[in-house]
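Novice: Starting from these lines, generate the structure:
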Amino acid sequence: MTPLSASRPSSFRRPTRWNLLSRLLAAGPGGYALGSMTSAFLALSLPMAREEAVLFASFVGFLVYPAAWIWAFAARTPRRAWIGMLLPAVLQAAGIWILRRHGWG
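Specialist: I've put the predicted structure just below:
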């Protein structure tokens, strides 16, 4: 008779401690970075009054953060969780840098 964990697909096995720690770090600081970059990028790029753009961007940033937590634990591997956090955050940071360089903020 095979052990129960051997008969399950790899996506249903219990996560190791490092796997869980990596996902927690991706969700916490990584999700915060993603939410912050989303908020800043939207505040600079939305074509509306500055106050309205900042308020709307803050609301969206508050929605992105819990979505990032869900993504970190729904991703198939911790590597995908990190890529899902860092790639959009870095792209938005580059967009912020470009917008600021061209006088949009």
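
Novice: Name the nearest residue to Leu24, ignoring sequence neighbours.
Specialist: Closest residue in space to Leu24, ignoring its immediate chain neighbours: Ala72 at 7.7 Å, by C-beta to C-beta, 6 or more residues apart in numbering. The way it works is simple: take the backbone N, C-alpha and C, and place the C-beta from them, glycine included.

Novice: Next, give phi and psi for that neighbour.
Specialist: Backbone torsions of Ala72, given as degrees, to the nearest 10, read phi -60, psi -30.

Novice: Tell me the pLDDT of it.
Specialist: pLDDT, the model's per-residue confidence, is 96 for Ala72.

Novice: got the contact list for it?
Specialist: 23-24, 26-27, 30-31, 81, 84-85 (C-beta atoms under 8 Å, 6 or more residues apart in numbering).

Novice: go again using 6 Å as the cut-off
Specialist: 23, 26-27, 81 (C-beta atoms under 6 Å, 6 or more residues apart in numbering).

Novice: Which member of those residues is positioned nearest Pro66?
Specialist: Using C-beta to C-beta, Ala27 is the member of the contacts of Ala72 that sits closest to Pro66, with 9.6 Å.

Novice: Please verify my assumption that the closest one contacts Trp69.
Specialist: Yes - counting by C-beta atoms under 6 Å, Ala27 touches Trp69, with 4.5 Å between them.

Novice: Just want to know which of these two has more residues nearby.
Specialist: Ala27 (22 against 16; other C-beta atoms under 10 Å).

Novice: give the contact list for that one.
Specialist: 69, 72.

Novice: Please report phi then psi for the residue most central in space within the chain.
Specialist: Among the residues of the chain, the one closest to the centroid is Met85, at 3.5 Å (C-alpha atoms, centre = their mean). The phi and psi values for Met85, taken as degrees, to the nearest 10, are phi -90, psi -50.
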